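Undergrad: Let's see this in three dimensions:
(4 chains)
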Number of protein chains: 4
Amino acid sequence: MTLINSSTKGVFVIAVTPFTDNGALDHGSIDRMVDFYYDKGADGLTILGMMGEAPKLTQAESIDVTRRTIARSAGKPVIVGVSAPGLAAIGELTKAVMDLGAAGVMVAPPSNLRTDDQIIAYYRNVVETLGTDVPVVLQDFPLVTNVQISTRVLGHIFEAHDSIVMLKHEDWPGLQKITELREAEAKGRRRTSILCGNAGVFLPEEMRRGADGAMTGFAYPEMMVDVVRLSNEGQFETALDHFDAYLPLVRYEQQPGIGLAVRKYVLAKRGAIASAAQRKPGAGLNAAAIAEVETLIRRQEARLATFR
Amino acid sequence: MTLINSSTKGVFVIAVTPFTDNGALDHGSIDRMVDFYYDKGADGLTILGMMGEAPKLTQAESIDVTRRTIARSAGKPVIVGVSAPGLAAIGELTKAVMDLGAAGVMVAPPSNLRTDDQIIAYYRNVVETLGTDVPVVLQDFPLVTNVQISTRVLGHIFEAHDSIVMLKHEDWPGLQKITELREAEAKGRRRTSILCGNAGVFLPEEMRRGADGAMTGFAYPEMMVDVVRLSNEGQFETALDHFDAYLPLVRYEQQPGIGLAVRKYVLAKRGAIASAAQRKPGAGLNAAAIAEVETLIRRQEARLATFR
Amino acid sequence: MTLINSSTKGVFVIAVTPFTDNGALDHGSIDRMVDFYYDKGADGLTILGMMGEAPKLTQAESIDVTRRTIARSAGKPVIVGVSAPGLAAIGELTKAVMDLGAAGVMVAPPSNLRTDDQIIAYYRNVVETLGTDVPVVLQDFPLVTNVQISTRVLGHIFEAHDSIVMLKHEDWPGLQKITELREAEAKGRRRTSILCGNAGVFLPEEMRRGADGAMTGFAYPEMMVDVVRLSNEGQFETALDHFDAYLPLVRYEQQPGIGLAVRKYVLAKRGAIASAAQRKPGAGLNAAAIAEVETLIRRQEARLATFR
Amino acid sequence: MTLINSSTKGVFVIAVTPFTDNGALDHGSIDRMVDFYYDKGADGLTILGMMGEAPKLTQAESIDVTRRTIARSAGKPVIVGVSAPGLAAIGELTKAVMDLGAAGVMVAPPSNLRTDDQIIAYYRNVVETLGTDVPVVLQDFPLVTNVQISTRVLGHIFEAHDSIVMLKHEDWPGLQKITELREAEAKGRRRTSILCGNAGVFLPEEMRRGADGAMTGFAYPEMMVDVVRLSNEGQFETALDHFDAYLPLVRYEQQPGIGLAVRKYVLAKRGAIASAAQRKPGAGLNAAAIAEVETLIRRQEARLATFR
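TA: Got it, this is the predicted structure:
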């Protein structure tokens, strides 16, 4: 069992959950998708996140998806999203997935938190519920959670809880947050892994500010893999070249609401999953959107061809 | 198995969930509390609502509480709150509790709904998920859900779905909403049961506007029972006399956040449950608050003595 | 010119803004209303607050209302609400009203503030904009502003800015906040005046926790005057007796949205203003609501008669 | 005096408000900036919008900026943002700016609107306040206003009010909204001009869906001018070529909070304004951000060079 820790680096792809056209879990596509992500260079996976349609799964299905994904990952680390309105559900699912071999769990704050003290207390309660031996990823995504966590509060939480080993960074704007967190570490605070989300739309700048990699789900994971690798090699201009080639589609896939439909459409087109179907509520792409996506892919392929 | 329907009337007490001081479910207190509520005149119970600490229970515990409450209710109707971020969890818990003999389920809208169309679509998805044979209570509680449902949208939903048989009314202000709903019914729309929440703080006026009763959890259920009975008998002034006697404590118990601590303190004091403990996160009353509550109870007892 | 300070005590009535039936400012009613409030025992007034329809006034009208109110107050202190989306407007109106003889200004936080640091920075900017010689009331009203200010953050702000001399306390629940603020003062932090809002619905408990008085607009200011006076004399039980007599109407007037219509209806009925009209958008009471209010007033009068 | 109407097309640049380093209005830079925007091909300007620091201006300053901008625009249309918490302020500023020769006013919904009926009523009140002869732009920007306006509600408002001639489209995602609005017009609803915001990040797709142009403030207005012109000529691939060249910087400038600092930095660098200073609260760029912006500009220039 591989566990994440505060030095974890690389690309953890936010996996979709594959369904058949009639809404059943598609186990075959789970396997195919897992292989696809690792083939493209992923270092690990994160499942049951916000883009994984987790709230549409029963608890039994969540565990089923986890088991299958971990089995197919053959030792590579799999992080499981366990955010829920109550600590009991978080604790119950965490115990189940850690028993199955998960590498850690990811917890976003519930949207009713407001003051700094409430946020700090929430993560204290989470750690007390999970125990200190479960590695936790703190998901900082104010656009969706409506909870704004300042750098100072993050620092307070990291100081208090060694088991919170990673930040899923998707505050927006958030570049300065990375800089401030790394500066605090330079002054002596313990290190935390920082993997960046937001569909990768600021990934080159995030890497240069000190991020350890990406945790997001763009349908061309090779973009994240390339940008992270080139950044780690100090080839920042080349990283930007690669990033720019993908950016028009990254931008399109980043749209709230419709973004998951785009992602599943592209993954199905690339053969990673059998169907682009989402469980209800969740619509597919109409003809106009498909035409836009196809245009973006065609132009992207042309740009990428110049790198080969 | 008793099911609620669009003519259901009376007092459905929002039950607390009793825990021992160390946070375990207290089965004995469930029985005692159920007996207490019916002794005081309740016509039915609603469990696992927002004041029932439902998010703090695992799924197994939720089912456990439901089974025990229904068994002890001896045929009286028990409504079960099943609100959750995703339809799958709502469907899963609904199936379980209806199999156990629940009288219906209650569903509040998730807080990310904004437009009228989104609200209407949500309840369509709920009914499709649950099937049309499960009686549903629509909980309209904008202060907590942040979702404002206009009378027109409620009417649209009621027209579309016969299985949504009841409105748990706790919009605030909401008196005019009752009037408008009843006026629409007078013009031909099918009838819906309306039971009122908000700790009962407007119950006399709500009854006079056409409500069918109360669904709330004030620690003296006899207040709701008296006000509903007297209102149904047309004794509105006497209903107000009884209501006014309880109002200072109703007001105090209605405070967000601390309200549940007050309610459990009083229920424990009255012998309905063994301990006022809440599961974390959730604090008890400090000395100052206890002194205030005790003062309010003492003065309430003095006023009630004049009725006997 | 009387200025408020950190020892200010008593009842500051939140004044309505009187309009004629066609929506013009009613200057005669301003005079009559000011006299009415002082006749009932008010120690001062607060104008252009949230219940004063301030956003419906042009800047010229705001200054006009201020001038007239201050002139009629004959030396009694008048606080002016100056909350606005931008510091420039706050600064401009503050300068104007302080030149006219206002006793201080009241500033609520804009609803986009989230983190503790943002709230602290906001009040620093306010004080820098207004200068340190203008007494400021910090309005803490999360139900409306959606900004939750913890006791710790309040303390930080009070420490940093001597010119913030008063807290308009209407957090809900908020009794413990008063206790904690007074405890911090007992340990050495400088004193701040605390006047309580929320329509007075917790005034007896607030006084007992250490509040200095009331700043709210219930249409029977004598309730606040009596409860504050009796509490200051240590006659807490008698204070509760008086409070309980008014509570059914206090509760009704506290309803969001419709509350101001109730208040203006009662003030017009009592002769304090000529018309209950509100500027658009803002509806009056319909027949059903008027009947409810009249019932509450009739019963209140009967209870009050027993005190005389 | 040029007025906008429901057929208005082209690029209306959202203008910044230039300040000197000590926070005073910089009149010389207003002139220079206006010239700059028109030199780059703008068809009109929009001032005092959300990115124009409008809430930081006093009313007198707002009128001053409007007068100077209109004078320098020499007959080109200038739209003025007049959004405010109350109708009185909206009406007062509208009257002043229309008297000065504004081409129309822009009104965003206040953030407390929730139901469809509330939104519809709000714009009815706005039109009643302004009169039906003032052309109005409805700003649909849920990311900031927190008000979600469905296509159906927009249609209802457009049907009811001929004077609402334009939609500033910045819902996100919003491409389908354009399609639906144009489809409704094809079926007979009166036409409305649609200019798109969101920093232009979806401008090529928006034009292809039927938008009439752009209303946003990217510091290279020539991007909007090129994309709109090429799209109108049916040269969609070339439009994408131009767009892609600018996209990395568009993306960076679109960041909430820091975006305006980026925009002013670039405008100052390009000579359009003397200083990048913002009025408080509003920070400039630190060294890390400046380095990122400079990298993006350098790379953008290299790409653009291939077009010449």
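Undergrad: now the helices for the stretch 1-150 of chain A?
TA: A:27-39, A:59-73, A:87-99, A:116-130, A:142-145 (DSSP state H, counting those that start in this stretch).
Undergrad: Can I get those in a markdown table including distance to residue C:30, mean pLDDT and mean neighbour count?
TA: C-beta here means a position set from N, CA and C on the backbone, and glycine is covered the same way. A markdown table is the format used below for these (distance: least, Cβ to Cβ, whole Å; pLDDT from 0 to 100; neighbours: other Cβ atoms under 10 Å in any protein chain shown):
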| stretch | distance to residue C:30 | mean pLDDT | mean neighbour count |
| --- | --- | --- | --- |
| helix A:27-39 | 70 | 98 | 19 |
| helix A:59-73 | 63 | 97 | 19 |
| helix A:87-99 | 54 | 95 | 21 |
| helix A:116-130 | 43 | 96 | 19 |
| helix A:142-145 | 45 | 90 | 16 |
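Undergrad: These into JSON lines, with extra columns for distance to chain D?
TA: Shown next, in JSON lines, are those (distance: least, Cβ to the nearest Cβ, whole Å):
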{"stretch": "helix A:27-39", "distance to chain D": "24"}
{"stretch": "helix A:59-73", "distance to chain D": "27"}
{"stretch": "helix A:87-99", "distance to chain D": "28"}
{"stretch": "helix A:116-130", "distance to chain D": "19"}
{"stretch": "helix A:142-145", "distance to chain D": "8"}
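Undergrad: As JSON lines, those with distance to residue B:220 would be great.
TA: Below are those laid out as JSON lines (distance: least, Cβ to Cβ, whole Å):
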{"stretch": "helix A:27-39", "distance to residue B:220": "54"}
{"stretch": "helix A:59-73", "distance to residue B:220": "37"}
{"stretch": "helix A:87-99", "distance to residue B:220": "29"}
{"stretch": "helix A:116-130", "distance to residue B:220": "31"}
{"stretch": "helix A:142-145", "distance to residue B:220": "38"}
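Undergrad: out of the ones you listed, nearest to residue C:238?
TA: Residue C:238 sits nearest to helix A:116-130 of all the helices of the stretch 1-150 of chain A, at 37.8 Å, using Cβ to Cβ.
Undergrad: Between helix C:116-130 and the closest one, find me the angle.
TA: Relative orientation of helix A:116-130 versus helix C:116-130 (axes from the mean of the first three to the mean of the last three Cα atoms, to 10 degrees): 180 degrees.
Undergrad: next one: helix A:116-130 to chain centre, how far?
TA: Put simply, helix A:116-130 sits 22 Å off its chain's centre (Cα atoms, centre = their mean, to the nearest Å).
Undergrad: for stretch A:205-223, same thing?
TA: For stretch A:205-223, the distance to the chain centre is 10 Å (Cα atoms, centre = their mean).
Undergrad: So for that stretch, what gets flagged as buried?
TA: A:205-223 (16 or more other Cβ atoms under 10 Å in any protein chain shown).
Undergrad: tell me which parts of chain A are close to chain B?
TA: A:54-61, A:84-89, A:91-92, A:111, A:121-122, A:125, A:128, A:279-281 (Cβ under 8 Å from any Cβ of the partner chain).
Undergrad: hmm, 6 Å instead?
TA: Chain A has residues A:55-59, A:85-86, A:88, A:92, A:125, A:280-281 near chain B, with proximity defined as Cβ under 6 Å from any Cβ of the partner chain.
Undergrad: Where does the prediction get shaky in the stretch 201-308 of chain A?
TA: Scanning the stretch 201-308 of chain A for pLDDT under 70 picks out no residues.
Undergrad: Find the closest residue to chain C in it.
TA: residue A:256 (19.2 Å; Cβ to the nearest Cβ).
Undergrad: Work out for me the element that residue sits within.
TA: Using DSSP states H and E, residue A:256 sits in no helix or strand.
Undergrad: now the one 5 residues further on
TA: In this assignment (DSSP H and E), residue A:261 forms part of helix A:259-269.
Undergrad: How about exporting that helix as PDB, limited to the C-alpha atoms?
TA: The C-alpha trace of helix A:259-269 is given here as PDB (Å, rounded to 0.1, in the frame of the first residue of the first chain):
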ATOM      1  CA  GLY A 259     -16.800  21.000 -18.600                       C
ATOM      2  CA  LEU A 260     -17.300  17.400 -17.500                       C
ATOM      3  CA  ALA A 261     -19.300  16.700 -20.700                       C
ATOM      4  CA  VAL A 262     -16.400  18.000 -22.700                       C
ATOM      5  CA  ARG A 263     -14.000  15.900 -20.800                       C
ATOM      6  CA  LYS A 264     -16.000  12.700 -21.200                       C
ATOM      7  CA  TYR A 265     -16.600  13.400 -24.800                       C
ATOM      8  CA  VAL A 266     -12.900  13.700 -25.500                       C
ATOM      9  CA  LEU A 267     -12.000  10.700 -23.300                       C
ATOM     10  CA  ALA A 268     -14.500   8.600 -25.200                       C
ATOM     11  CA  LYS A 269     -13.200   9.900 -28.500                       C
END
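Undergrad: ok, and for stretch A:301-308, which residues are buried?
TA: residue A:303.
Undergrad: Go ahead and name everything in contact with it.
TA: Outside stretch A:301-308, the residues within contact range by Cβ atoms under 6 Å, 6 or more residues apart in numbering or on different chains are residue A:245.
Undergrad: which stretches of the stretch 151-300 of chain A form helices?
TA: Using DSSP H, counting those that start in this stretch, helices in the stretch 151-300 of chain A cover A:151-160, A:175-186, A:203-209, A:221-232, A:236-253, A:259-269, A:287-305.
Undergrad: Kindly reformat those helices as a markdown table containing distance to residue C:292.
TA: Putting these into a markdown table (distance: least, Cβ to Cβ, whole Å) gives the following:
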| stretch | distance to residue C:292 |
| --- | --- |
| helix A:151-160 | 46 |
| helix A:175-186 | 52 |
| helix A:203-209 | 59 |
| helix A:221-232 | 62 |
| helix A:236-253 | 55 |
| helix A:259-269 | 49 |
| helix A:287-305 | 53 |
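Undergrad: what about those, which gets the closest to residue D:139?
TA: Checked against Cβ to Cβ, the stretch from the helices of the stretch 151-300 of chain A lying closest is helix A:236-253, at 22.3 Å.
Undergrad: Settle this for me: residue A:138 is touching residue A:167, isn't it.
TA: Yes: at 5.5 Å, residue A:138 and residue A:167 qualify as touching, with contact defined as Cβ atoms under 6 Å.
Undergrad: between the two, who's got more neighbours?
TA: Legend: neighbour count by other Cβ atoms under 10 Å in any protein chain shown for residue A:138 and residue A:167, higher for residue A:167 (27 against 23).
Undergrad: what sits against the more buried one?
TA: Contacts of residue A:167 (Cβ under 6 Å, 6+ apart): A:138, A:192, A:194.
Undergrad: now do 10 Å
TA: Counting by Cβ atoms under 10 Å, 6 or more residues apart in numbering or on different chains, residue A:167 touches A:6, A:137-140, A:149, A:154, A:157-158, A:177-178, A:181, A:192-196, A:211-212, A:215.
Undergrad: Give me the angle between the helix holding residue A:261 and helix A:287-305.
TA: Using the same axes, to 10 degrees: helix A:259-269 against helix A:287-305 is 60 degrees.
Undergrad: So is helix A:259-269 next to chain D?
TA: Yes: using Cβ under 10 Å from any Cβ of the partner chain, helix A:259-269 reaches chain D at A:259, A:262.
Undergrad: Quick check: buried residues in that helix?
TA: So for helix A:259-269, counting by 16+ other Cβ under 10 Å, buried means A:259-268.
Undergrad: Take those residues and write them to TSV, including distance to residue C:304.
TA: Output for the buried residues of helix A:259-269, formatted as TSV (distance: Cβ to Cβ, whole Å):
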residue	distance to residue C:304
A:259	62
A:260	62
A:261	65
A:262	67
A:263	67
A:264	68
A:265	71
A:266	73
A:267	72
A:268	74
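Undergrad: any idea which of those is closest to residue C:75?
TA: residue A:259 (63.1 Å).
Undergrad: so how many other residues sit close to the closest residue to the closest one other than its chain neighbours?
TA: Nearest residue to residue A:259, sequence neighbours excluded (Cβ to Cβ, 6 or more residues apart in numbering or on different chains): residue A:253, at 5.3 Å. Neighbour count for residue A:253, taken as other Cβ under 10 Å: 26.
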